[in-house]
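> The sequence and its predicted three-dimensional model are supplied below.
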Amino acid sequence: MRDELDQLWTVERPRVTQEVADAAAQGDRSENAEYIYGKRRLREIDRRVRFLAKRLDEVTVVTEAPSDAKRVFFGAYVTVEDEDGDEHRYRIVGADESDMAKGYISIDSPVARGLLGKREGDEVTVRVPRGEVVYTIARVAYSADP
């Protein structure tokens, strides 16, 4: 989030501000698409900057593993096996960081809520939109190394 905020504030916003100034210098602003679009983009950037700044004030970065590293807590990499024997690896992250392509699931998701507090070897039944899924926790780790 800090990287995005820095990118928006130091690179994107100054570039768009210059584009709006250049478009405004062309004259009639009422029919100037570059000016109108640029102003709209500046509002979007400012809205996102305010959101990120507020979130960064509220979030806590977790850097240490919990005392019981075999239990599932925030930040854990959890390998689960489903009923068909297929393995899935997830990392439990904050809502702002979720990214299914990386296997990062929000702590607020049904799967993460079902896994929290459980240990390796535990069976977990999770209600998902397509029904119930039973997972067996195969591995819990707090580093990205497999």
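Happy to help now that I have it. Small disclaimer: the values here were computed from a predicted structure and weren't measured.
> Longest helix in the protein, by number of residues?
Longest among the helix segments of the chain by residue count, using DSSP state H, is helix 33-58.
> Now for the residue nearest to Tyr77 when sequence neighbours are not counted, how many residues are close by?
In this structure, Tyr77 finds its nearest non-sequential neighbour in Ala141, 4.6 Å apart by Cβ to Cβ, 6 or more residues apart in numbering. C-beta here means a position set from N, CA and C on the backbone, and glycine is covered the same way. The number of residues packed around Ala141, counting by other Cβ atoms under 10 Å, is 17.
> Equivalent analysis for the one 4 residues further on, please.
Close neighbours of Asp145, defined as other Cβ under 10 Å, add up to 6.
> What is the end-to-end distance of stretch 104-113?
Across stretch 104-113, the straight-line distance between its terminal residues is 14 Å, by Cα to Cα, to the nearest Å.
> What's the separation between Ala76 and Gly103?
Taking Cβ to Cβ, to the nearest Å as the criterion, Ala76 is separated from Gly103 by 12 Å.
> now Trp9, what's its secondary structure?
The assignment at Trp9 comes out as helix when based on DSSP: H, G, I helix; E, B strand; the rest coil.
> contacting residues around the residue lying closest to it once chain neighbours are set aside?
Among residues not flanking Trp9 along the chain, Val49 sits closest, at 6.0 Å (Cβ to Cβ, 6+ apart). Under the criterion of Cβ atoms under 8 Å, 6 or more residues apart in numbering, the neighbours of Val49 are Leu5, Leu8, Trp9, Arg13.
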